[in-house]
Every structure is written in C-alpha cells, then in structure tokens.
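**Student:** sequence plus the predicted model coming up.
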Amino acid sequence: MTRPTGRALAILVTTLATASAGQAPFVLDSNALGPMKLCARLASVGRVFPQARDTVIRAEGNTRWPAKIVSLDSTTWVFVESSWADTTHVWRISTNSPRFRTRRGYRVGMKLGELISKGEHFTAEIAEGQLGLLIVSERIGLGIDDQAAAAFPYNWPAGADATKRVDPNARITYLAAGGDCRH
C-alpha cells in the first residue's frame, strides 16, 4: 500500500470536506435554522451567516424594527428579523432557498401534494392581504406560488384546516419559523 503524498492528501481532505458540507444542509424547525436559534440576539446572526447585512422592516404607522438579510446567491436568501416589540432578539427566520429543509425533508420548490401524500395538514391565515400556510406537524410556515395563493378564498377563517382547499400543485416559495421571545 502506498502512502498518499502531501498534495494528494490535501486534495482528498478538501474533497471530503466539500462533499460532507454539501450533504448536511441546515434544518429549519419551529425553533431554529441550523445553529441560528429563535430568541437569540439578532447581533449573533453574523456568527452563523458572516455575509448577513443589516436591514429594517417598515410597517404601517411608520413602525420599524431591525432585521438581517443573507443573500445566498442572486435569487435566494435567508431573512432573520426581530420584532417591533423586541428589537434585539430573533423572532422570525425565513428562506426561499431549496438548500434548507424541514425535519421531515420538505423544501422550497416542492408541491403541496407531495406533503399531503405523506399525511400532512395545513392551516391557513390571510394577514395583510397575504396567504400564509402552516405545516401543522412541524409548526413551520410556508408561502406558495402567486397563482395558487390568488385562487385561495380571501375570507378563509384564520387557523382553519385548509388541507382539502389548497391546490396540491402549488409550489412552496418560502419556509418560515417564528415565535414569541417575551420571557
């Protein structure tokens, strides 16, 4: 058996490290995206995502609160935001990147029918004109493509089971986790 040279060993280590990094995507659950936890200090986002940039959320009544945007490439992002009630902690994490998955393996780009065929249920809520769905088993929010969202009834009762009403061909456009950090 021959011993690898220093150069060959370096190539092997680099290849293995790159392969394992590609195989272990961050998991989004109801409390975190990988090591980025809900209720952590917003200032800590840069330790997980060094490319994070500061931004501000603006709402009605000129209310503002800080957030961080992480551009993963030209079209995908992770958005980490605080709240008007607490501007120093992470209250919501969302992403439109298919590289992240939920604990059950659901990703941006999947069709809702794929989740329904695995027995998933959804609740729905319309807030500020936007449809938001919740995967009940995981407590993960999601958005769907504009065409499917526009076909959903605008007067849907908040929190009602929407599993039979959603379009199974609707594609997931983002995933989100959020919570209340008041202690």
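**Tutor:** Looks like it came in fine.
**Student:** which parts of this protein are strands?
**Tutor:** 27-29, 32-33, 36-37, 53-59, 63-71, 77-81, 92-95, 101-102, 122-127, 130-135, 140-144, 172-178 (DSSP state E).
**Student:** columns mean pLDDT on top of the ones you listed, output as TSV?
**Tutor:** TSV is the format used below for the strands of the chain (pLDDT from 0 to 100):
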stretch	mean pLDDT
strand 27-29	96
strand 32-33	96
strand 36-37	95
strand 53-59	93
strand 63-71	96
strand 77-81	97
strand 92-95	97
strand 101-102	96
strand 122-127	93
strand 130-135	95
strand 140-144	97
strand 172-178	97
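**Student:** ok, which of the ones you listed comes nearest residue 108?
**Tutor:** strand 172-178 (5.2 Å; Cβ to Cβ). C-beta coordinates here come from the backbone N, C-alpha and C atoms, glycine included.
**Student:** just checking, what packs against that closest one?
**Tutor:** Here strand 172-178 touches strand 27-29, strand 92-95, strand 140-144, going by 3 or more Cβ pairs under 8 Å, 6 or more residues apart in numbering; DSSP states H and E.
**Student:** looking at those, spot the one closest to residue 73.
**Tutor:** strand 92-95 (12.2 Å).
**Student:** hang on, the earlier thing: who wins for proximity to residue 46 among the strands of the chain?
**Tutor:** Of the strands of the chain, nearest to residue 46 by Cβ to Cβ is strand 63-71, at 7.7 Å.
**Student:** turn the helices and strands packed on strand 172-178 into CSV, columns for mean neighbour count and distance to residue 124.
**Tutor:** Shown next, in CSV, are the helices and strands packed on strand 172-178 (neighbours: other Cβ atoms under 10 Å; distance: least, Cβ to Cβ, whole Å):
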stretch, mean neighbour count, distance to residue 124
strand 27-29, 19, 20
strand 92-95, 21, 17
strand 140-144, 22, 10
